[in-house]
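Participant: I'll drop the sequence and a predicted model, then ask my questions.
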Amino acid sequence: MSKVIRVKYEKGLLKPLEPVELEEGKEYKVIIEEDIDELIKKYRGVLGKSSVEEFLELEEEAEIQ
């Protein structure tokens, strides 16, 4: 089963921002992904003038490939 949760990185630890039900002592795989809003702010203007919608379309195309 896969589940997406938001976490905050503090003092070397990932802290969940919402309650999670996980089995104690079990290992889990974590995929780190930046918030889309932060990515948009970071790369705004790199491709010239473009809208958020265009950026999201490009992101979807990149994920497919």
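Facilitator: Good, I have the coordinates.
Participant: what's in contact with the helix or strand bottoming out on mean pLDDT in the chain?
Facilitator: Every helix and strand in the chain was compared by mean pLDDT, DSSP states H and E; the lowest is helix 36-43, with a mean of 73. With contact meaning Cβ atoms under 8 Å, 6 or more residues apart in numbering, helix 36-43 is reached by 52, 55-56, 59. Heads up, the C-betas are built off the backbone N, CA and C, glycines and all.
Participant: please redo it, this time with the cut-off set to 10 Å
Facilitator: Applying Cβ atoms under 10 Å, 6 or more residues apart in numbering, the contact partners of helix 36-43 are 33-35, 50, 52, 55-56, 58-59.
Participant: ok, and the most crowded of those?
Facilitator: Neighbour counts for those (other Cβ atoms under 10 Å) peak at residue 55, which has 17 neighbours.
Participant: work out for me the element it sits within.
Facilitator: helix 52-64 (DSSP states H and E).
Participant: can you give me the angle that helix makes with helix 36-43?
Facilitator: Per axes from the mean of the first three to the mean of the last three Cα atoms, to 10 degrees, the angle that helix 52-64 makes with helix 36-43 is 100 degrees.
Participant: how far out from the middle of the chain is helix 52-64?
Facilitator: 14 Å (Cα atoms, centre = their mean, to the nearest Å).
Participant: for the spatially most central residue of the chain, give its distance to residue 5.
Facilitator: The structure's the chain has its C-alpha centroid closest to residue 33; by Cα atoms, centre = their mean the separation is 2.9 Å. From residue 33 across to residue 5, the span is 11 Å (Cβ to Cβ, to the nearest Å).
Participant: give me the below-cutoff pLDDT ranges for the chain.
Facilitator: Within the chain, the segments meeting pLDDT under 70 span 46-48, 50, 65.
Participant: what about 80?
Facilitator: Along the chain, the model assigns pLDDT under 80 to residues 1, 33-55, 58-59, 61-65.
Participant: contacts only, for the residue nearest to the centre of the chain.
Facilitator: Residues near residue 33 by Cβ under 10 Å, 6+ apart: 4, 39.
Participant: and it, that one's in a helix?
Facilitator: No. Read with DSSP: H, G, I helix; E, B strand; the rest coil, residue 33 is coil and lies in no helix.
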